[in-house]
Each structure stands twice: as structure tokens, then as C-alpha cells.
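Trainee: predicted model follows, preceded by the sequence.
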Amino acid sequence: MKSLIRLNAVLFILISVTAFTAHVKAAKITKSAENIRAGKKIKFDAEPGIAGGSVTWTVDKTKYASINSKGKLTAKRAGKVKVTASDSLGSDAVTVNITPKKIIAIDAGHQKKGDGSTEPIGPGASTKKPKVAGGTSGVYTKVPEYKVTLAVAKKLKKQLVSRGYKVVMIRTKDDVNISNKERAQKANKTSDICIRLHADGSSDSSVSGASALYPSSSNRYVGKLSKSSKALSESVLSAMCSKSGARNRGLSQRDDLTGTNWSAIPVTLIEMGFMTNKSEDIRLQDENYQKKLAMGMAEGVDKYFGFK
Ligand SMILES: [Zn+2]
């Protein structure tokens, strides 16, 4: 009996201490989320340590998310962010995982050296084409296409990441050997859509402007991706042209492109301009112009997915 009373007394003290501690404890987060998709907003709640007290909200990485004085968090880009609610007595924090809007594969067309050995132009195809063609080059600047495509690809990645996407770069260096089929397969495995970056060439130096290539509905390998790829092409091309001022030459159906025919996700091949046209060649080397192309394309991706 005596020991029971003692136990009760100990329990009473324990409960009291716990209650007291809880009472003097600082602000406590009462509503949060573990995962939020980039682009979304969510309201966090917290109880101040002292009734009627006020809570201040902060995030540790403002690049990833922002939070207003009422606890409304805006998720900006994929990554982890620590959300803290504080008052005069201390603080409480939770870690929030911001998931990407979507995953985008960017294939910077070509590479330092083309690969003339061949591969089938689509799954089960008997027709074969070189694994990677050499690409065109600037008639005036002499810069090869593979350098322009990678320069814009890097800028496009930056734009997409800042808009909350995850980006998979098919290549990040010039000195690689990745066939068009392998490029498509890498994109298929990792991403929701694929953007293939290229620059055009023509025997007629007066031709200029940008276009987008997508598979037709009768394409025997990826006909079922025609509609979505067309929508993607349209969205990316038109936003890119309006942002950069490039002449919009429109969309073209192409069923002979290995990198497109091996795709399992919506795909567009963007011809950003003609390197055989002197003024467009010069413009395509301009950092500012490249940035505009990238900004426009990123905007087009947002439109395609309905984020804007
Ligand atoms: Zn090309």
C-alpha cells in the first residue's frame, strides 16, 4: 500500500513537471507537411508558448521556399527546407521536403566527335542511321553546333530548376560518345518529358528562324506520343520565339529521327536557329540571347504542364 502511494506521488510529480514544461515551452508547430510539390502553397500553424503571444515564421533557405508572417509557405524549388516558428520563449522547427513539379530531360544535341557507326532508327527497325551525326557549325563564328546546344542546355537547366523542376542532363561535356538511341533511353528511364536541343543548317544562307520537330501520329515507333509531343513542341517553341524574338518557322513532323523514335515520353526537338545565317549564327553565340531562349523554353514547359 505504502509503495502504491509512493508510486502515485511520483506519477503525480512527473505529470505535473511534464505539464509545466509543456506550458512554458516555446511556440509549437501544430500544422505542417512533410512533402510539398514545388509551385504549391501551404499554410502552417503554430501555437505560441504564451496564450495570445505571437509567432514568427522563417525558412532556412529562401531559394527553396518563402514563408509569410501568417505561416503560408510557398514552395519554389526541389530540395529540403527547415521551417521554424519562434516566439519569445524559443522555437520549433520541421523539415519539409519539396518535391519537383516534374522531371525534364535535356539532350544537348551532338558531341565533340560524331559516331558514324550505326544503330536502328527505332525499336525493331531494319533501317539504321549513324549513332550521332557531326552537326552543323556557325558559318561566321565557326562555332560547332554541339557547343551551342550545351551552352543553351545549361541555361535551360538553370531556368527549369528555379521554376521547381528536376532536370536530367543527357550530357554535360562535349567529349562524350552517347548515341541518339542511348540518349532517348536515358531520358525514358529518368524523366517525364525530353527536350532535344539543336541548331539548324541550310545551303541557303538567307534562311533563319526556329522550329520544333515531333513524331507524326502514323510514326510506327512513337505514333502514340504524337499528340503530346506536338503540344509540347508548340508550347516550347512559341514561348521561346516570343521571349527571344526568333522567327517562328512552326512545327514539322519527322519520323526519321532516332532520338525521337526511341522515346517513351513526350519529346520535342527544338531547332533554335540557323547557324548558316550570319546574323542568327552571331545571335546564337550571344549569352544574353541564349538566356532568352532558355527562359522562353522554360516558360513553355510550365504552360505545357498547366502550371501557368
Ligand atoms: Zn543538330
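Mentor: Arrived safely.

Trainee: the chain - how does it break down into domains?
Mentor: 27-99, 103-305 (automatic domain parsing).

Trainee: so which of those is the most packed in?
Mentor: domain 103-305 (a mean of 20; mean count of other CB atoms under 10 Å). Every residue, glycine included, has its C-beta placed from N, CA and C.

Trainee: chain center to whatever helix or strand K230 lives in: distance?
Mentor: Assigned by DSSP states H and E, K230 belongs to helix 226-244. Here helix 226-244 is found 16 Å from its chain centre; the criterion is CA atoms, centre = their mean, to the nearest Å.

Trainee: give me the contact list for the helix or strand just after it.
Mentor: For helix 226-244, the succeeding helix or strand toward the C-terminus, using DSSP H and E, is strand 248-253. In this structure, residues lying in contact with strand 248-253 by CB atoms under 8 Å, 6 or more residues apart in numbering are 209-216, 226, 230, 233-234, 237-238, 241, 271.

Trainee: secondary structure element holding K147?
Mentor: helix 145-162.

Trainee: report pLDDT for whichever residue of the chain sits closest to the ion.
Mentor: Per CB to the ion, H198 is where the chain lies closest to the ion, at 3.5 Å. Model confidence at H198, given as pLDDT, is 98.

Trainee: same question for the one 5 residues further on.
Mentor: We have a pLDDT of 96 for S203.

Trainee: which residues does it contact?
Mentor: Counting by CB under 8 Å, 6+ apart, S203 has contacts T276.

Trainee: can you check the one 3 residues further on too?
Mentor: Under the criterion of CB under 8 Å, 6+ apart, the neighbours of S206 are N277.

Trainee: for it, phi and psi?
Mentor: Backbone torsions of S206, given as degrees, to the nearest 10, read phi -80, psi -20.

Trainee: how about the residues of the protein by the ion?
Mentor: Contact residues (CB under 5 Å from the ion) of the chain with the ion: 109, 135, 198.

Trainee: isn't the last one up against Y146?
Mentor: So the one you mean is H198. No: at 9.7 Å, H198 does not count as touching Y146 under the criterion of CB atoms under 8 Å.

Trainee: now the common contact residues for these two.
Mentor: 109-110, 135.

Trainee: wait, L89 sits on A51?
Mentor: No: counting by CB under 8 Å, L89 does not reach A51; the two are 12.0 Å apart.

Trainee: list the contacts for the most centrally placed residue in the chain?
Mentor: By CA atoms, centre = their mean, the chain has its centre lying nearest to Y165, at 2.9 Å. For Y165, the contact set (CB under 8 Å, 6+ apart) comprises 38, 78, 100-104, 301.

Trainee: switch to 10 Å and redo it
Mentor: Going by CB atoms under 10 Å, 6 or more residues apart in numbering, Y165 touches 38-39, 77-78, 100-104, 157, 159, 191-193, 298, 301-302, 305, 307.

Trainee: now V167
Mentor: 78, 100, 102-106, 153-154, 156-161, 190-191, 195.

Trainee: please apply the same query to L293.
Mentor: Here L293 is in contact with 148, 151-152, 155-156, 159, 197, 210, 240-241, 243-244, 246, 270, 272-273, 283-284, 286 (CB under 10 Å, 6+ apart).
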